[in-house]
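S.K.: okay, predicted coordinates and the sequence, questions at the end:
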Amino acid sequence: MAHTQTAHELANEFTPRLSKLVRLLARETAGTGMSRTSLSVLATLRDAGTARITELAETEHVAQPSMTTLVWKSRDSCNARRTRTTDAPSPSC
């Protein structure tokens, strides 16, 4: 008979693996000079395409003015551009 794991048992196995993955990703992105939020926003834009600043702020759980600043900095560093038709950032220069 197959062993059925409880949610608690799965969490106990999953948590250390997830922690290791987070540490590995932090090391991989450490030399980029970008914050985790900036990298997350660029990944969101890469995966979903364009998005409005308010949508990005909600997704990243940051205030809209903070997201506006982040998008302008990304645009200035050529990591993202704002499109005029939708006023939404997209992931290219």
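M.R.: Arrived safely, thanks for sending. Numbers count the residues shown, from 1 in each chain.
S.K.: please pull out the lowest mean pLDDT helix or strand from this protein.
M.R.: The helix or strand of the chain with the poorest confidence is strand 89-90; it has a mean of 62 (mean pLDDT, DSSP states H and E).
S.K.: am I right that residue 5 sits in a helix?
M.R.: No - using DSSP: H, G, I helix; E, B strand; the rest coil, the secondary structure at residue 5 is coil, not a helix.
S.K.: how far away is it from residue 19?
M.R.: Distance, residue 5 to residue 19, using Cβ to Cβ, to the nearest Å: 19 Å. From N, CA and C alone the C-beta is placed, and that goes for glycine too.
S.K.: one more: residue 42?
M.R.: 23 Å.
S.K.: the two: who's more crowded?
M.R.: Neighbours were counted for residue 42 and for residue 19 using other Cβ atoms under 10 Å; residue 42 has more, 18 against 10.
S.K.: quick check: that one touching residue 71?
M.R.: No - contact status for residue 42 versus residue 71: not in contact, 10.4 Å apart, counting by Cβ atoms under 8 Å.
S.K.: how many residues are close by residue 45?
M.R.: For residue 45, the neighbour count with other Cβ under 10 Å is 22.
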